[in-house]
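>>> prediction below, plus the sequence it came from.
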Amino acid sequence: MPNVYFIDIINPDNPGGPKVQAHFSPDVYLQSYKLNPVDYENLRAAKYVLENTCRIFSGIREFNDGGWCFTGKPKMWYIRQTV
């Protein structure tokens, strides 16, 4: 896959085991870069949380089986100037 951004994360199926690679699709970061600079900058916060995960939850959304929720506290995040 061209231009795919990979990051090593904790394996939610085996938290104590080796890390696995997750990827951000180019559609995610290119669309944010073009249309919403705040969302684009918050991808840095998402990267930080994925690299410094505090807890991982599953099954928190009734209609989204198989999803994971990585939690953490990034050092910074971005908001619109008027907020």
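Okay, I see it. Numbers count the residues shown, from 1 in each chain.
>>> the lowest-mean-pLDDT helix or strand in the chain: what's the following helix or strand?
Ranked by mean pLDDT, DSSP states H and E, the helix or strand of the chain with the weakest confidence is helix 26-35, at a mean of 83. Next helix or strand after helix 26-35 toward the C-terminus (DSSP states H and E): helix 37-51.
>>> helices or strands next to that next one in the packing?
On a contact count with 3 or more CB pairs under 8 Å, 6 or more residues apart in numbering; DSSP states H and E, helix 37-51 meets strand 5-9, helix 26-35, strand 68-71. Bear in mind the C-beta positions are built from the backbone N, C-alpha and C, glycine included.
>>> touching the shortest one from outside, list them.
Contacts to strand 68-71, defined as CB atoms under 8 Å, 6 or more residues apart in numbering, come from residues Ile9, Ile10, Pro12, Val49, Leu50, Thr53, Cys54, Arg55, Ile56, Phe57, Ser58, Ile60.
>>> then stretch 10-29?
If you take CB under 8 Å, 6+ apart as the criterion, stretch 10-29 is touched by 1-9, 40, 43, 50, 53, 56, 58, 68, 70.
>>> ok, 6 Å please
Contact partners of stretch 10-29, identified using CB atoms under 6 Å, 6 or more residues apart in numbering, comprise Asn3, Val4, Tyr5, Phe6, Ile7, Asp8, Ile9, Leu43, Thr53, Ile56, Trp68.
>>> of those, which pair is most distant in space?
Largest separation among the contacts of stretch 10-29 by CB to CB: Asn3 and Ile56, giving 27.2 Å.
>>> name the residue in those two with the higher neighbour count.
More neighbours surround Ile56 than the other of Asn3 and Ile56, with 16 against 9 (other CB atoms under 10 Å).
>>> quickly list what that one is bridged to.
Under DSSP bridges, the beta-bridge partners of Ile56 are Phe70.
>>> now do it against Ile7, distance only.
Going from Ile56 to Ile7 by CB to CB, to the nearest Å gives 15 Å.
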